[in-house]
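Q: Could you look at this predicted model? Sequence included:
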Amino acid sequence: MAQYTRPFLLGLYQQMVLIREFEDTVKFLFLEGTMPGTIHQCQGQEATAVGVCAALDSQDWITSTFRGHGHALAKGLSPQEMLDELFGANTGCCRGRGGSMHMGNMAKGMVPGIAIVAGGIPLATGMALAFKLQKKPQVATCFFGDGAVAEGAFHEGVNMAAIWELPVIFVCENNLYGASTHIDLVMKNSRVSDRAKSYGFRGETVDGNDVLAVYEATQKAAAECRAGKGPVLLELLTYRRTGHSRRDPCHYQPKDERESWAQRDPIDRFAEKLQLSPEEREQIQQRISAQLTEAVERAKVAPHPSASELGAYVFREGNQTPTSTHTSRGTTSGKTRRLGIADALREAITEEMASDSRVFCIGEDIGVPGGWGGAFTVTLGLEKRFPDRMFNTPIAELGSFGVATGAALMGMRPIADVQYGDFLFLASDQIINNAAKMSYMSGGDASVPLVMRAPVGATGRGSQHAQNLERYFTGVPGLKVVAPSNAYDAKGMLKAAVRDGNPVLIFEHKLLYGSKGARAEPGAVDATSEIPDEDYLVQLGRAAIRREGKEVTILAWLLMVHYAMQAATEIDAEVIDVRSLSPIDWDTIGTSARKTGRVLIVEEGPVTGGVGAELAAGIAERWPTTRIMRLASPDVPVPFTPVLENAYRPDASRIRKALQELSI
Amino acid sequence: MDVNMKMPDLATNDGVDLGVSRWLAQVGQNVKRGQALLEVETDKAVQEVECIATGVLKEIRVQPGEKVPVGTIIATIGVK
């Protein structure tokens, strides 16, 4: 201890007292019923937050959990901005949009807390990937509890940090309980640090109630990270003296266990080590307590957001700066080439990567020499041109989408893909809970400029490589969803998505790619376009009229646009390529619906709860005299045998029949 | 200064009145913030409730066996 100055040691002590006093203050505010919501507190665990954060530099980042008050204070958030946040005030660190569980401040190196227990682990890995790509000597530190270790996100996240040797310190605060369940009930090997070895990196178990031990272990880990040696897992043994959440009386913690941990209280132990007298301790505590009392009084009268601001911060303003924008398929220079969707997407990715070093690709099999360039050749050969920006992931969609989200949070512009849209279910926690909500939960301070790509459509692959996933993601606030039906749109929309600044999910159809060679699809439909030589974007959020007509409107996207065009030849139908599924372009749709008075919505995928249902309801609400009909797949899984698959997917003849019914 | 202590919101279900089981300190006694001051019977369990201030327990307003809504003042603590 002789190597440390007295002010430094006293600083650690005071930080721990600040956390204890803050948590107690908040607890009593809750007990009084003064504060809204719920809380998860960290009394007894003060040494982990303080020891870890004291060893980090100010430009290092942390991710936290739903039990994050201690982490926030230790990372330098002020008690005032946190109390304001707890009271739901506009002056809070997340402008009242985050609350106790999503405490954070992007200006102070703390991402809003992640309340899905292992959700921050792939995120921190992605943040560290960004630091490595940006060649910055920063470290991402990821706090999580013992309860997170059983989640898949833990394994996927630490594995990717290990294989890419990323600067992440994984900090497991092992307080023996996940909610009320003791770790011995859920772990055969309850030594959490052992898990690092199975992924090929160093793990260490530390007395988490000894602030100096935590500090020293973190210093060592951070030095290893900065030296490029890859991640470290620190297991900090500690104990939560308070309930899991505010109404939890801790009846599951045996009395003798509580008492023995009380003997190892981190604040009492450190006071003893520093030989602080009871008077000195009392003085420090009272000074901090008085500061907090003042902060509470200010927080109680801090201004709240007005209800009219409800929709603020869902999206970030985009920064689309094309050299030229085409609103139609027309070109300005006249020079074009005919390309399919796979080739057009590859061109879009190549151009964006060439012009913006923040853009990188992440996915399975996307850039393996001798491989296919993703399942449908979109990224074929890109590893030759961009060897450092093509990340071939393990088969771990939750992890890779979390990594992409984390990297986006740190200013990168990742393009993440799944081989088949069906795998998005695995990744959906990161997409829905993190990528889509981070801007909002942070009160607009965080942004996730993330592009996601997913192939959909029934193509002879049975039920699990064939679903149309659009419906599951169109109702997610904070997420944009598009579905291009031709190569021109595919290229322009992908480029617009990369520059948008928000998470954008692009659905692509397997029968429309125009993939060649071994990856060619039987039954493929020609979706090639004339692609202009110069840079262009297709604005997100806009539908496109593919055929003008007066009698009836057909709404379709992806493959169904092509079938609708075939069916529309015999009738004066207007075909609209919806193409932006979220947000929906009601202007274009409404103009047509008012003109024709009849709308047929054609969707590949089960009829119940589909995007078509949303379109139908939206039209009925806005233009109630419109006659609306849906043509979609029946409510059955996608079948394998061709005769059933053909019966499942709407086609041109069924669209014709539906048009006749609608016109009667 | 007097600090009023209110019935905390400990119920699992909303709108349930909570009962005082017993007081763990007597009027006139010195009390410390964080010490167990009373036991409350919720709809699920009997739970200890900690004192919210350091001082003297001046008044007990809800007797054992009585049930009151969340937020009702249950005791007054005189703080120096």
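A: Thanks, I have the structure now. Numbers count the residues shown, from 1 in each chain, chains lettered A, B, ... in the order given.
Q: Show me which parts of the helix or strand A:Val561 falls within are buried, residue by residue.
A: Using DSSP states H and E, the element containing A:Val561 is helix A:559-567. In terms of neighbour count (16 or more other CB atoms under 10 Å in any protein chain shown), helix A:559-567 has its buried residues at A:559-565, A:567. (Each C-beta comes from the backbone N, C-alpha and C, glycine too.)
Q: Output the set of residues of chain A in proximity to chain B.
A: Proximity of chain A to chain B (CB under 8 Å from any CB of the partner chain) is limited to residues A:24, A:27-28, A:30-33, A:246-247, A:249, A:251.
Q: Closest one to A:Ala221 out of the residues you listed, please.
A: For the residues of chain A next to chain B, the residue nearest A:Ala221 by CB to CB is A:Asp24; the value is 30.5 Å.
Q: And the pLDDT for the closest one?
A: For A:Asp24, the model assigns a pLDDT of 92.
Q: same question, A:Thr332
A: pLDDT, A:Thr332: 63.
Q: circling back: take the buried residues of helix A:559-567 and lay them out in JSON lines including pLDDT.
A: Shown next, in JSON lines, are those (pLDDT from 0 to 100):
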{"residue": "A:Leu559", "pLDDT": "97"}
{"residue": "A:Met560", "pLDDT": "98"}
{"residue": "A:Val561", "pLDDT": "98"}
{"residue": "A:His562", "pLDDT": "97"}
{"residue": "A:Tyr563", "pLDDT": "97"}
{"residue": "A:Ala564", "pLDDT": "97"}
{"residue": "A:Met565", "pLDDT": "97"}
{"residue": "A:Ala567", "pLDDT": "95"}
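Q: Contacts made by the strand or helix carrying A:Leu185 with the rest, please.
A: For A:Leu185, the enclosing helix or strand under DSSP H and E is helix A:183-186. With contacts defined as CB atoms under 8 Å, 6 or more residues apart in numbering or on different chains, helix A:183-186 is touched by A:146, A:150, A:174, A:176-178, A:190.
Q: among these, which are in strands?
A: In strands, judged by DSSP state E, the following of those are found: A:174, A:177-178.
Q: now, which of the contacts of helix A:183-186 sits nearest A:Pro449?
A: Nearest to A:Pro449 out of these is A:Ala150 (CB to CB; 31.7 Å).
Q: ok, that closest one - how many residues close by?
A: 14 (other CB atoms under 10 Å in any protein chain shown).
Q: what's the closest non-adjacent residue to it?
A: Nearest non-adjacent residue to A:Ala150, counting by CB to CB, 6 or more residues apart in numbering or on different chains: A:Val186, 6.1 Å away.
Q: can you tell me which helix or strand residue 22 belongs to?
A: Picked chain A for this. Here A:Phe22, judged by DSSP H and E, is contained in helix A:6-31.
Q: Chain B is the one I meant
A: Using DSSP H and E, B:Arg22 sits within strand B:18-23.
Q: I would like the residues contacting that strand, please.
A: Contacts to strand B:18-23, defined as CB under 8 Å, 6+ apart, come from residues B:7, B:10-11, B:37-42, B:46, B:60, B:62-70, B:74.
Q: let's go with 10 Å and repeat that
A: With CB atoms under 10 Å, 6 or more residues apart in numbering or on different chains as the test, strand B:18-23 has contacts from B:7-11, B:29, B:37-43, B:46-49, B:57, B:60-70, B:72, B:74-75.
Q: interface residues of chain B facing chain A?
A: B:3-12, B:33-34, B:40, B:42, B:44-53, B:70-72 (CB under 10 Å from any CB of the partner chain).
Q: Buried subset of those, written for ChimeraX?
A: Listed next is the ChimeraX selection for buried residues among the residues of chain B next to chain A, using 16+ other CB under 10 Å:
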select /B:3,5,6,7,8,9,10,11,33,40,42,47,49,50,51,52,53,70,72
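Q: Give the other helices and strands that the helix or strand following the helix holding A:Leu185 contacts.
A: Using DSSP H and E, the helix or strand that follows helix A:183-186 towards the C-terminus is helix A:194-198. Counting contacts by 3 or more CB pairs under 10 Å, 6 or more residues apart in numbering or on different chains; DSSP states H and E, helix A:194-198 packs against helix A:152-163, strand A:168-174, strand A:202-207, strand A:232-237.
Q: so how far is the third one off the chain centroid?
A: Taking CA atoms, centre = their mean, to the nearest Å, one finds the center of strand A:202-207 at 29 Å from the center of the full chain.
Q: Right, I'll call it a day here.
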